[in-house]
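> Fold the stuff below for me.
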Amino acid sequence: MKPSLLQYLACPLCLGESLKLVSFSEENKETVDGVVTCSSCKEWYLIQDRILEMLAPALNSSRRQTFYRAYANRMKKLKLSLNVKRAHGKADDAKIHQSEFFDNFSDHYV
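Model (predicted):
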């Protein structure tokens, strides 16, 4: 992820625009793995293989857990926790089902 992307983004939870990039690994001035944190609501969003996943935590709980475990020491130093909030309602359940479907079959799409 290129750092210049942050100027175009807002936190999906609070709509705050005070986002900060923390790189765990970089290549050619791009973040390969890291997090984007929101100063307003203290939420974090993972960056893995240069891709920022700005999903509400309830819609991305399993990937967040895996990412957090992989970088637990760094996450704790940043005082970021793994607060996985459960999705509520049929709309959130449908989004989760759709996301899981595409995650399972993403290798088969061209």
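> and stretch 48-61, how far apart are its ends?
End-to-end distance for stretch 48-61: 15 Å, by Cα to Cα, to the nearest Å.
> buried residues in that stretch?
Buried positions in stretch 48-61, judged by neighbour count with 16 or more other Cβ atoms under 10 Å: Q48, L52, M54, L55, A56, P57, A58, L59, N60, S61. All C-beta atoms are positioned from the backbone trio N, CA, C, and that covers glycine.
> between these, which is nearest L21?
Closest approach to L21 among the buried residues of stretch 48-61 (Cβ to Cβ): L52, at 9.1 Å.
> roughly how far apart are the residue lying closest to L46 once chain neighbours are set aside and K29?
Nearest non-adjacent residue to L46, counting by Cβ to Cβ, 6 or more residues apart in numbering: F67, 4.5 Å away. Applying Cβ to Cβ, to the nearest Å, the value for F67 to K29 is 22 Å.
> higher neighbour count, the two?
Neighbours per residue (other Cβ atoms under 10 Å) separate F67 from K29, with F67 holding more: 22 against 9.
> Wait, the residue nearest to L46 touches Y45, no?
No: contact criterion Cβ atoms under 8 Å: F67 and Y45 do not qualify, at 10.0 Å.
> Might you list the low-confidence residue ranges for this structure?
Within the chain, the segments meeting pLDDT under 70 span 84-103, 105-110.
> ok, 90 please
Scanning the chain for pLDDT under 90 picks out 12-13, 16-17, 55-63, 81-110.
> And the helices in this protein?
Counting by DSSP state H, one finds helices in the chain at the ranges 61-70, 72-77, 89-105.
> if we can go back for a sec, and the buried residues of stretch 48-61, which two are the farthest apart?
Greatest spatial distance among those (Cβ to Cβ): Q48 and A58, at 18.6 Å.
> Can you name the residues that contact M75?
Applying Cβ atoms under 8 Å, 6 or more residues apart in numbering to M75 gives the contacts V35, W44, Y68, S81, L82.
> try 7 Å
Contacts for M75 (Cβ atoms under 7 Å, 6 or more residues apart in numbering) come out as Y68.
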